[in-house]
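Trainee: model this:
(one chain, ligands or ions: 3)
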Amino acid sequence: MLTVSAARSWMCRGPPQLEKDAIDHEAFLQSPKGAARVQPQLRHNSEKEENAMKRYTRSIRTVAFALLSVMVLVPACEAAEAQDTRRKELVPPAVFQAAGANIASIQSSVDAFRAALGEPNNLNELGPLPVGRREINWDGGGNVDTTTEPVTPFDVFLNTRGGQFTTPGLGLSQAPPAGGPQGGLAALFNNPTYGTIFSTFSPLRLFTPVGSNVTEAVFFVPGFNGVFAATVRGFGAVFTDVDEPDGLGPNKRRGSPRGASTLMEYFDEDGKLIFSSFVPASPGDGSLSFFGIVFEDALIARIRITTGTEAPGPDDDGTRDIVMMDDFIYGEPQPLTIQRSVASAEPTQP
Ligand SMILES: [Ca+2]
Ligand SMILES: [Ca+2]
Ligand SMILES: [Ca+2]
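Mentor: Ligands and ions are numbered 1, 2, ... in the order given. Okay, the predicted model is just below:
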């Protein structure tokens, strides 16, 4: 089967055997013996060429179809080759993080992260777009306070914003800390304390796995219902009530044996871990934390978020750190294999 890289190379350089045949044919026509002796051979060669050209044309069509089917539009061969070179070099990302008692504690860090990803907020626009970012605040456009049933995969924003979220647990839910027709997190996890120990960065709802403390994110070109896999150059998330580390130090730390509870892990399209970090903590209840990174290129294919020391349900106390998520903010999803050239090319629809 023709690989994408082989197809791209062929598209760039053309089939070498056909070029050689054409050159030999022309030299023969110009030779002294050519006009007198060559007509039968010339016809034969012409038929060979015609057949070769038909095969070449058919092959090109096949390759073009294969390329389109995997979203390889090859805007420029030079860009593709430059991409292969740069893939070997991993430039460290810019890191944005903050934690504190309230929204003001993290607002400037979130805004700096947004600026690093770039304008505009692409909302529900059809992708792929060359610049900008996507955001999910889980709020249903504003004052929605319903608690959604846990589902996985969580595909609510798969088409509109190109984000798909999964958990190894029962599912993922959007909910206010308390209240609304279903009672919010306090009712979802049958723990009334959850109504007071969590706060929102964007009111009214938070996002959480149920039956697990792990959430994974993958990306697609917005507007195509998850058909075209994509990567992003940056991803950040807001958290509430990250208590650990609590400053006790490695020998007296509480809860997690890792010494911290909330972890962000970033993987490339080959599944390789390219960056990981714990999320900064803040003491007390209802605190907010933010952690995000931005690479130069769209290297991030998957993210694994570990929230707290264990799945929500138990009390948040000296041995357990329960954590919820709020806003997800990420770079405009770029189709796999052209992500590094799209920024310098005309926007292309798949
Ligand atoms: Ca929210
Ligand atoms: Ca707490
Ligand atoms: Ca906590």
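Trainee: from here on, contacts and neighbour counts on C-alpha atoms
Mentor: OK.
Trainee: mind listing the strands for the protein?
Mentor: With strands called from DSSP state E, the chain shows them at 94-100, 133-136, 163-166, 171-175, 206-210, 214-220, 229-231, 234-240, 263-267, 273-278, 288-294, 302-306, 324-331, 334-335.
Trainee: For ligand 2, which of these is the nearest?
Mentor: Among these, the nearest to ligand 2 by CA to the ion is strand 234-240 (8.6 Å).
Trainee: what's the one residue in the stretch 151-300 of the chain that gets nearest to ligand 3 in contact with, if anything?
Mentor: Going by CA to the ion, ligand 3 is nearest to residue 241 of the stretch 151-300 of the chain, at 4.2 Å. Going by CA atoms under 8 Å, 6 or more residues apart in numbering, residue 241 touches 197-199, 281-282, 284-289, 322-324.
Trainee: nearest to residue 132, of the residues you listed?
Mentor: Closest approach to residue 132 among the contacts of residue 241 (CA to CA): residue 289, at 23.2 Å.
Trainee: The closest one: neighbouring residues, count only.
Mentor: 31 (other CA atoms under 10 Å).
Trainee: so who does it touch?
Mentor: Residues counted as contacts of residue 289 (CA under 8 Å, 6+ apart) are 97-100, 106, 238-242, 279-282.
Trainee: Report the two of those separated the most.
Mentor: Greatest spacing in these, by CA to CA: 97 and 241 (14.8 Å).
Trainee: related to what we said a few turns ago, can you redo the contacts of residue 241 as a markdown table with distance to ligand 2?
Mentor: Converted to a markdown table, the contacts of residue 241 look like this (distance: CA to the ion, whole Å):
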| residue | distance to ligand 2 |
| --- | --- |
| 197 | 6 |
| 198 | 8 |
| 199 | 11 |
| 281 | 10 |
| 282 | 8 |
| 284 | 5 |
| 285 | 4 |
| 286 | 7 |
| 287 | 8 |
| 288 | 10 |
| 289 | 12 |
| 322 | 7 |
| 323 | 8 |
| 324 | 11 |
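Trainee: Tell me which of those fall in helices.
Mentor: Counting by DSSP state H, the contacts of residue 241 place residue 197 in helices.
Trainee: so which of the contacts of residue 241 is the most crowded?
Mentor: Of the contacts of residue 241, with other CA under 10 Å as the count, residue 288 tops at 33 neighbours.
Trainee: Please name the bridge partners of that one.
Mentor: Counting by DSSP bridges, residue 288 forms beta bridges with residue 100, residue 240.
Trainee: Then residue 324?
Mentor: Per DSSP bridges, the residues bridged to residue 324 are residue 240.
Trainee: Of the strands of the chain, which is nearest residue 314?
Mentor: For residue 314, the closest of the strands of the chain is strand 206-210, at 12.2 Å, according to CA to CA.
Trainee: Now do the helices in the chain.
Mentor: With helices called from DSSP H, the chain shows them at 4-13, 16-30, 34-37, 39-69, 77-87, 103-117, 158-161, 184-188, 194-197.
Trainee: State the distance from the residue of the stretch 151-300 of the chain closest to ligand 3 to residue 323.
Mentor: From residue 241 across to residue 323, the span is 5 Å (CA to CA, to the nearest Å).
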